[in-house]
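Q: sharing a model prediction with you, sequence too.
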Amino acid sequence: MLSLEDRLDRIEFALEAAERRARRWRWTAASLAAALVVGALGAFAASPFADLVEARTVRANRLEIVRGDGKVVLLAAESAGAGQLDLWSASGANTARVSSPASGGDLVLFNDKGRMVFGAYANPHGGLIEAFRTDGTVGVRAGVSDAGSAVSVVGGNGKEVLFAGTDRSGAGAVRVAEPGGRTAATMLVGPGGGMLETSTRSGRPATVIGANSNGASGVIQLSGSGDKPVCEIDVKDDGGARMMLGSTQGTTNLVLEANGQDTGLVSCFTAGRRVLAFGSGMYGGQVNLIGADGQPVMVLGPVSDGHGGSISVRGADGQQVVRCGVDARGDGEVTVYSANGQTKRVINTEP
């Protein structure tokens, strides 16, 4: 049988052991609680309710967002003293970059092969947008500045084939070119209004369609092998139409006119001088043969004071010297005049 002192020693030992177990339990419980708090805060930060918590400023030279395998999908960093943001696709390609150079903001897009295919840039004069082919050559360029705006389409050889924008006056202009860059057609605003110009493959003018210089009517010009128009159609001031046919040297050979009084006129020219004119008038048709000095030397047409027609032969000064026509009875009559027109001789059917 244990003595009283032995039993007291055992009780004291048991109490000390119980105290040690209690201390270990309290330390374990505190550690577990701390771990739960940290885990709860992490889960809360990733939850939609995290937006409700007031955020504090995060300062860093480089910020990377990575996916589960550690690959970077977003990078915010400093470059040349300015900010830069890069994005990567699921395949690992750097597909977008936003930067801030001294001239302004830039946005650049890349395809999955890493080739630049799109760019948008700011500069002191305005904005510029470019779209590129996979070989790196630009295909479309559009820009805006204080002077105007324009869109340019460039072929695979680097030559501009289409331009649409504003000219120096601020009006619209369109230019269409062949693959080699030579201008084929131009649409613009001229002094009188809209104009459309086309060119041959050699670059010479071919066609001009538009408003005339006073803006009152339209005009069409066709050019031949030279630079001068060989055909021109326009509207006269009286409202009638006019067509001019000429040579490659720029001389006029034939003019057809319709005036506002429902009459027409055809004029033939030689070396810039009108030598023949025929047309319609109040009393019918009329033909004028014109000499080298521009004066009519023979006039054929109906008479104004009777029935029938007449032929008038005139001198160099325009004075009539012979007249063949119809008299009051309807008979033929020939009248010969002196050069001054003071005397005459009449030949008719009278006895």
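A: Great, that's in hand. Numbering: from 1, shown residues only.
Q: can you name the residues that contact the closest residue to N259 other than its chain neighbours?
A: Counting by CB to CB, 6 or more residues apart in numbering, N259 lies nearest to G240, which is 4.2 Å off, once chain neighbours are set aside. To be clear about C-beta, it is placed using only N, CA and C from the backbone, and glycine gets the same treatment. By CB atoms under 8 Å, 6 or more residues apart in numbering, the residues touching G240 are 257-260.
Q: work out the gap between stretch 180-192 and the centre of the chain.
A: 10 Å (CA atoms, centre = their mean, to the nearest Å).
Q: how about it: buried residues?
A: If you call a residue buried by 16 or more other CB atoms under 10 Å, then stretch 180-192 has these buried ones: 184, 186-190, 192.
Q: what about that stretch, how long is it end to end?
A: Distance between the boundary residues of stretch 180-192 (CA to CA, to the nearest Å) amounts to 32 Å.
Q: list of residues touching that stretch?
A: Contacts for stretch 180-192 (CB under 8 Å, 6+ apart): 155, 157, 159-161, 167, 169, 171-178, 194-199, 201, 203, 210-216.
Q: helices along the protein, start to end?
A: All helices of the chain, identified by DSSP state H, fall at 4-46.
Q: all strands of the stretch 101-250 of the chain, in order?
A: Secondary structure of the stretch 101-250 of the chain, counting by DSSP state E, counting those that start in this stretch: strands at 106-110, 116-123, 126-132, 138-145, 148-154, 160-166, 172-177, 183-189, 194-199, 205-211, 218-223, 229-235, 241-246.
Q: OK, contacts around the residue nearest the centre of the chain?
A: Compute the mean C-alpha point of the chain, and by CA atoms, centre = their mean the closest residue is A164, 1.7 Å away. Counting by CB under 8 Å, 6+ apart, A164 makes contact with 150-151, 172-175.
Q: could you redo the last one with a cut-off of 10 Å?
A: The contact partners of A164, taken as CB atoms under 10 Å, 6 or more residues apart in numbering, are 142, 149-153, 172-176, 187.
Q: just put the residues you listed in TSV and tack on pLDDT.
A: Shown next, in TSV, are the contacts of A164 (pLDDT from 0 to 100):
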residue	pLDDT
A142	96
S149	94
A150	96
V151	96
S152	96
V153	97
G172	92
A173	94
V174	96
R175	95
V176	96
M187	94
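Q: now the strands of the stretch 101-250 of the chain as JSON lines including distance to N348?
A: Converted to JSON lines, the strands of the stretch 101-250 of the chain look like this (distance: least, CB to CB, whole Å):
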{"stretch": "strand 106-110", "distance to N348": "99"}
{"stretch": "strand 116-123", "distance to N348": "93"}
{"stretch": "strand 126-132", "distance to N348": "88"}
{"stretch": "strand 138-145", "distance to N348": "85"}
{"stretch": "strand 148-154", "distance to N348": "79"}
{"stretch": "strand 160-166", "distance to N348": "75"}
{"stretch": "strand 172-177", "distance to N348": "71"}
{"stretch": "strand 183-189", "distance to N348": "66"}
{"stretch": "strand 194-199", "distance to N348": "61"}
{"stretch": "strand 205-211", "distance to N348": "57"}
{"stretch": "strand 218-223", "distance to N348": "52"}
{"stretch": "strand 229-235", "distance to N348": "47"}
{"stretch": "strand 241-246", "distance to N348": "42"}
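Q: any low-confidence regions in the stretch 1-150 of the chain?
A: Along the stretch 1-150 of the chain, segments meeting pLDDT under 70 span 1-55.
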